[in-house]
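Novice: Structure for this input, please:
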Amino acid sequence: MNRKTRLFTLLTLFVLGLFTLVPLTSAYDGRGGETVVVGKNEVINDDLFVGGTTVTVDGTVNGDLIAGGQTVIINGKVTGNVIAVGSSVTVNGEVGHDVVAAGAAVTIGPNARISHNAYAAGASVESQARSLIGGSLFIGAGQGLVSGQITNDLLVGAGRLRLENAVGRNAKIAVDTSKNSASSRYMYGPNMPPMPSVQAGLTFGTEAHVAGSLEYVSRETIEGATRVSSQVTHTLPAQDQQLSQELAQQHSTSSYVFDALRRLIALLLVGLLIAWLAPRWITAPAEKLLSRPLPSLGLGLVGLVAVPLSWLVALGVIIVIAVLFGLLSLGALTGLTLLAGLPALGLAFVAILFILCYLCQAIVAYLGGRWILSRIRPEWNSKLYAPLLMGLLILGLLIAVPVAGGLLQFLIILAGLGAIALVVFRGRPALQTPAEVPATVQA
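Specialist: Next up is the predicted model:
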């Protein structure tokens, strides 16, 4: 499959994906106001987007629900997913798929029946007694109180957590037991919603049970951990001073050499892959760098600043356009803008990392390898692979040198990036095979 065919195939698949996904964004029910209420007997056969100071959903939504407000309360039935954001978020009804909730206080009420997973983040996250999560519960919060039943796994990162009910499979918990988290209440400012009081650290109630393994990260060994699971793994936090000292002692010369070797292998593999699939990506910038080294360094420095800045500007433009289309009630265009723009920016971000981490170094390594081989084996310069391999091996060893290696790698990135910019903005030289590249390079 040649280059044009590959590009055409990828473009075709991308366009087909847009035509498949965009219609999904055009069908929804939107509501807003100071107080928004979906009545108990009301049935909405569509996705519901709702926003207001107080949002209450007591009825049935046959689709997804996206709700935002100061207070969000979901007592009814949602057959799809629920995404809710607010100062206070309460899910106390039936949800057919996942729940994603974020707020100062997130509560999964006693009547909640969540078929799949629940993802909750905030100052305080609570699952109350008699609630049921059919999948796993993920918590990222200042404090957590888990009193409801969890069918699968529990994964928590919090300042403090209390477990008072059953976990159907495994539990992975990270808590902070430092003095800064010793207060029994979380005070985040005025007008905050009510929050339960949770004891510092990781604690267990009398009904707590973990059917599978329990892994917890804490500076201290937690009392009662062996009562809830027969397989308990305790790990010290990475920021713990004692662990840091132990890791520093274990960081021997052999581990440093091993890390450098892994980087070298990655550089060799990616460099050879570029040489195989797109040799002109190496040879054309290399010739520009050879003929104009100082302009390449200067342009590379400009590009190192301009490229990330341009990416951020493009992201801002996409968001602004999407918001404008949303304000104009052009839902399809909003979805098209996000579905086309965000993946394109993601690909651009990957391309930037690829160029900075691998392509720039391959370009400079190729020139260095040619210079060395011209003095020992000039005939090997007739092909691309020999000088590239030679240069990558030497470059990998040089950048492994502490301090000096990092500075050298920075200069290499500048030179390679500038050479690429010269090729892109000043036109490509006439096509030539690697065999036509000059065999000798002036020192």
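Novice: Pretty sure V82 is one of the things A101 touches, is it not?
Specialist: Yes - at 7.4 Å, A101 and V82 qualify as touching, with contact defined as Cβ atoms under 8 Å. The way it works is simple: take the backbone N, C-alpha and C, and place the C-beta from them, glycine included.
Novice: shared neighbours of these two, anything?
Specialist: V91 (Cβ atoms under 8 Å, 6 or more residues apart in numbering).
Novice: center of this structure - which residue?
Specialist: Geometric centre of the chain, nearest residue: G346, 10.9 Å, by Cα atoms, centre = their mean.
Novice: Toward the C-terminus from the one helix or strand in the chain whose mean pLDDT sits lowest, list the very next helix or strand.
Specialist: Every helix and strand of the chain was ranked by mean pLDDT, DSSP states H and E. The lowest is helix 3-25, at a mean of 42. With elements assigned by DSSP states H and E, the helix or strand that comes after helix 3-25 is strand 29-38.
Novice: How about that next one, which residues are buried there?
Specialist: Going by neighbour count (16 or more other Cβ atoms under 10 Å), the buried part of strand 29-38 is 36-38.
Novice: Turn these into TSV, including pLDDT.
Specialist: Below are the buried residues of strand 29-38 laid out as TSV (pLDDT from 0 to 100):
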residue	pLDDT
V36	91
V37	93
V38	93
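Novice: quick one: A419 is in a helix?
Specialist: Yes - under DSSP: H, G, I helix; E, B strand; the rest coil, A419 falls within a helix.
Novice: element containing L408?
Specialist: Per DSSP H and E, L408 falls inside helix 404-425.
Novice: so after the longest helix along the chain, what's the next helix or strand?
Specialist: Secondary structure of the chain read by DSSP state H shows that its longest helix is helix 293-327. Moving toward the C-terminus from helix 293-327, the first helix or strand encountered (DSSP H and E) is helix 331-354.
Novice: So which bits of the next helix or strand after that next one are buried?
Specialist: Next in sequence after helix 331-354, counting helices and strands by DSSP H and E, comes helix 360-376. By neighbour count on 16+ other Cβ under 10 Å, the buried set for helix 360-376 is 360-374.
Novice: and what of stretch 161-171?
Specialist: 161-168, 170-171.
Novice: In TSV: those residues, plus distance to A351 and secondary structure.
Specialist: Output for the buried residues of stretch 161-171, formatted as TSV (distance: Cβ to Cβ, whole Å; DSSP: H, G, I helix; E, B strand; the rest coil):
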residue	distance to A351	secondary structure
L161	41	strand
R162	47	strand
L163	45	strand
E164	49	coil
N165	48	coil
A166	48	strand
V167	42	strand
G168	43	coil
N170	38	coil
A171	40	strand
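Novice: before we move on, back to that, so can I have TSV of the buried residues of strand 29-38 showing distance to I352?
Specialist: What follows is those, written out as TSV (distance: Cβ to Cβ, whole Å):
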residue	distance to I352
V36	42
V37	48
V38	45
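Novice: Sort out which one of these lies nearest N381 for me.
Specialist: V36 (72.4 Å; Cβ to Cβ).
Novice: Check the gap between that closest one and N165 for me.
Specialist: 33 Å (Cβ to Cβ, to the nearest Å).
Novice: Please apply the same query to L309.
Specialist: From L309 across to N165, the span is 50 Å (Cβ to Cβ).
Novice: still on that earlier bit, report pLDDT for the residue nearest to the centre of the chain.
Specialist: Here, the pLDDT recorded for G346 equals 89.
Novice: residues touching it, list them.
Specialist: For G346, the contact set (Cβ under 8 Å, 6+ apart) is empty.
Novice: Look at F138 and say how many residues are nearby.
Specialist: 18 (other Cβ atoms under 10 Å).
Novice: For it, which three-state class applies?
Specialist: F138 is classified as strand under three-state DSSP.
Novice: That one bridge partners, please.
Specialist: Y119, L155 (DSSP bridges).
Novice: pretty sure it contacts I114?
Specialist: No - here F138 does not reach I114: they are 11.9 Å apart, not a contact under Cβ under 8 Å.
Novice: any chance of the buried residues of stretch 161-171 in a markdown table, with distance to G76 and pLDDT too?
Specialist: Shown next, in a markdown table, are those (distance: Cβ to Cβ, whole Å; pLDDT from 0 to 100):
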| residue | distance to G76 | pLDDT |
| --- | --- | --- |
| L161 | 29 | 92 |
| R162 | 29 | 92 |
| L163 | 29 | 93 |
| E164 | 27 | 92 |
| N165 | 24 | 91 |
| A166 | 27 | 90 |
| V167 | 27 | 94 |
| G168 | 26 | 92 |
| N170 | 32 | 93 |
| A171 | 31 | 93 |
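Novice: so can I have JSON lines of the residues you listed showing distance to V146?
Specialist: Putting the buried residues of stretch 161-171 into JSON lines (distance: Cβ to Cβ, whole Å) gives the following:
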{"residue": "L161", "distance to V146": "7"}
{"residue": "R162", "distance to V146": "7"}
{"residue": "L163", "distance to V146": "5"}
{"residue": "E164", "distance to V146": "7"}
{"residue": "N165", "distance to V146": "6"}
{"residue": "A166", "distance to V146": "10"}
{"residue": "V167", "distance to V146": "8"}
{"residue": "G168", "distance to V146": "13"}
{"residue": "N170", "distance to V146": "14"}
{"residue": "A171", "distance to V146": "9"}
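Novice: Wait, a helix at N381?
Specialist: Yes - counting by three-state DSSP, N381 is found in a helix.
Novice: and the gap between it and P387?
Specialist: The gap separating N381 from P387 is 6 Å, by Cβ to Cβ.
Novice: Find the residues that touch each one of those two.
Specialist: By Cβ under 8 Å, 6+ apart, the residues touching both N381 and P387 are 370, 373.
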